[in-house]
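J.: quick check, what structure comes out for this input:
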Amino acid sequence: MKKVHMFLLALILVMIVFLTSCAKLGNYKILGIDVVGNVGKISYITLRYLNPLNQSVSDVPVKVELFDETQNEWKEVSDALTGQKIFQTDEMGNITFSILPKTAGIYKFRLLNIADITSMPVEFSVNVGGVTWGFLIWLAADNDLEPYSYLDLEEMRTQNPDVFIMVMHDKYSNSNGNDSLMLLDENGEFKEIKTFGMDINSGSLEFLKEILEDFYAFNMEKSGLIIWNHGNSWVDDSNFNLAVGYDFTKQDALTTKEIGGALEYVNSEYGRTLDFIGFDACNMGTIEIAYELRNCAKYFVASAFTEPAFGWDYTFLSALNHDSGIYDLARDIIDSYFEFYEWLGYTGELSLGAYDLSKIQDIAYEISKLSNELTESMSMDENLRSSIINEYYPQLLQYYSCQDCMQMIDILDFLNVLCKNVDDLNLLDIRNNLLNVVFEDFIVYKRMYTSYFWNTGLGLFLPNNLDTYQQRLDDMLELEFYKDTSWKNFLEFLLIQ
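T.: Numbering: from 1, shown residues only. As a prediction, the model looks like this:
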């Protein structure tokens, strides 16, 4: 019996040595606990590291590598948030690291045991899903609107897998942390992927280009840029003073021409066009701005009136899905905006509209026809000029709150007043043509709280005095609309002749 016991004991010892050697030969395993991700979201990959006996292995240093198919080689992976390259298994044998995928597909990784160089790498895959809508939100809050930026950030938080959100947050107060570039993670929480360590300039053309390039590096089906800030239409575009994206600290702002230039440059570099550009800012809904940005995006979303300080309601981001088109997006943005202020009991004027920029040249063409017709009519009838300024002008809807520095009217409202008072069949034809283009093709979706009916929801500069015209002349010369149409000629004839 002793010999049998000794034999069994020896056999057990041999098996232990054998199993231990097997472990050292690299027969480790991975149990994938969470191995999925989404384009544009910080995704957390959790794995459990097991030895050949299917036991969790704790306190083991490991590193992760990703197979680069373009170069046919394995490359070391850093945690997307911390930059960490070495990970330690916990008491359950788990490691968690974060990734930030830019394209959809199957990502092939492997885990390497640093403590045991005899162990073989263990491969695993992560399935990264695509994203439908991507949004870059230019949260230019280096001004007195900063408190409202944090409210909007809360509204933007979503776990919607069909939506990717990148936020550039320029802050006014250093006490609230560094200016940063942020993305949502898979839990709907914002995470900083860049902290600038200095006060950035949200009114800088070059900085806008840089962040647009960061945004375009992600593969999304549809894309949009939302510029959040005070808005001043194209007022002071010539001296970079107010405009939009106004940075109190840097005393700079993004002009309409700069926004267009940044987008045209990046669109050309990446061979793409934004699906829409939106302005969560006052008074940015003008024909001139839409015309300036006609080659930068397919659609344009803006308000012709001042916006209350709370701005847009960003809960619309949670409502989008894979099947959402531009009409759905426009409706969700605009309806949520109006419903929010109805809930607040706001009683002031509101407007917000979405427009098809492929039709803005048709609008500009009809405005040029109108300009020529009115100029010719005024040259033959001296009373018409006086009537436009003194009689018709007071009847028009004014889209701009600062009457001394800018006067915006609605082109259809203007035409409607003219057609009621001037017997001219050409004016009637132009109005009917504009009505067809505006309401059948140009307006995607809009809502307004105002007593006026004939409106596009976009303003057009029409001053009733020479001083206002001359004050804005340098700004006008910055815009392509005034180079490509004859509206400026009409204004000069109206106010100078």
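J.: how near is the closest residue to Asp441 other than its chain neighbours to Glu155?
T.: Distance criterion CB to CB, 6 or more residues apart in numbering; nearest residue to Asp441, sequence neighbours excluded, is Lys359 at 4.7 Å. All C-beta atoms are positioned from the backbone trio N, CA, C, and that covers glycine. Per CB to CB, to the nearest Å, Lys359 is found 31 Å from Glu155.
J.: could you grab the helix/strand/coil label for Leu495?
T.: Put simply, Leu495 is helix when judged by DSSP: H, G, I helix; E, B strand; the rest coil.
J.: and the pLDDT for the residue nearest to it when sequence neighbours are not counted?
T.: Closest residue to Leu495 in three dimensions, ignoring its sequence neighbours and counting by CB to CB, 6+ apart: Leu466, at 4.6 Å. We have a pLDDT of 92 for Leu466.
J.: what distance do you get for Leu466 to Ile496?
T.: Taking CB to CB, one finds Leu466 at 7 Å from Ile496.
J.: more crowded one of those two?
T.: Leu466 (13 against 9; other CB atoms under 10 Å).
J.: next one: that one from Ser125, what distance?
T.: Distance, Leu466 to Ser125, using CB to CB: 71 Å.
J.: could you do Ala141 as well?
T.: Distance from Ala141 to Ser125, by CB to CB: 40 Å.
J.: what of Trp138?
T.: 36 Å.
J.: just Leu479 next, same as before
T.: In terms of CB to CB, Leu479 sits 52 Å off from Ser125.
J.: neighbour count winner among those two?
T.: Leu479 (24 against 14).
J.: ok so that one is a strand residue?
T.: No - secondary structure assignment (three-state DSSP) places Leu479 in coil, not in a strand.
J.: any buried residues in stretch 147-155, and which?
T.: Buried residues in stretch 147-155, counted by 16 or more other CB atoms under 10 Å: Tyr148, Ser149, Asp152, Leu153, Glu155.
J.: what does it rub up against?
T.: 139, 141, 167, 169, 171, 190, 228, 309-315, 317 (CB atoms under 8 Å, 6 or more residues apart in numbering).
J.: let's see it at 10 Å
T.: For stretch 147-155, the surrounding residues in contact (CB atoms under 10 Å, 6 or more residues apart in numbering) are 137, 139-143, 145, 165, 167, 169-173, 176, 182, 190, 228-229, 280, 308-318, 336, 340.
J.: now do that stretch: distance to the chain's middle.
T.: Averaged C-alpha coordinates place stretch 147-155 at 15 Å from its chain's average position (CA atoms, centre = their mean, to the nearest Å).
J.: kindly report the same for stretch 325-338.
T.: That offset, for stretch 325-338, works out to 15 Å (CA atoms, centre = their mean).
J.: for that stretch, give the mean pLDDT please.
T.: pLDDT averaged over stretch 325-338 gives 96.
J.: then stretch 271-286?
T.: Predicted confidence along stretch 271-286 averages 94 (mean pLDDT).
J.: let's see it as PDB, backbone CA atoms only.
T.: Listed next in PDB are the C-alpha coordinates belonging to stretch 271-286 (Å, rounded to 0.1, in the frame of the first residue of the first chain):
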ATOM      1  CA  GLY A 271     -13.300  65.800 -49.700                       C
ATOM      2  CA  ARG A 272     -16.600  66.300 -47.800                       C
ATOM      3  CA  THR A 273     -19.200  68.900 -47.100                       C
ATOM      4  CA  LEU A 274     -21.100  69.400 -43.800                       C
ATOM      5  CA  ASP A 275     -24.700  68.300 -43.900                       C
ATOM      6  CA  PHE A 276     -25.700  71.400 -41.900                       C
ATOM      7  CA  ILE A 277     -24.300  74.400 -40.100                       C
ATOM      8  CA  GLY A 278     -26.400  75.800 -37.200                       C
ATOM      9  CA  PHE A 279     -26.000  79.000 -35.100                       C
ATOM     10  CA  ASP A 280     -27.200  78.900 -31.500                       C
ATOM     11  CA  ALA A 281     -26.800  82.600 -31.400                       C
ATOM     12  CA  CYS A 282     -28.800  85.800 -32.000                       C
ATOM     13  CA  ASN A 283     -29.500  87.300 -35.300                       C
ATOM     14  CA  MET A 284     -27.500  84.900 -37.500                       C
ATOM     15  CA  GLY A 285     -30.500  84.100 -39.700                       C
ATOM     16  CA  THR A 286     -29.800  86.400 -42.700                       C
END
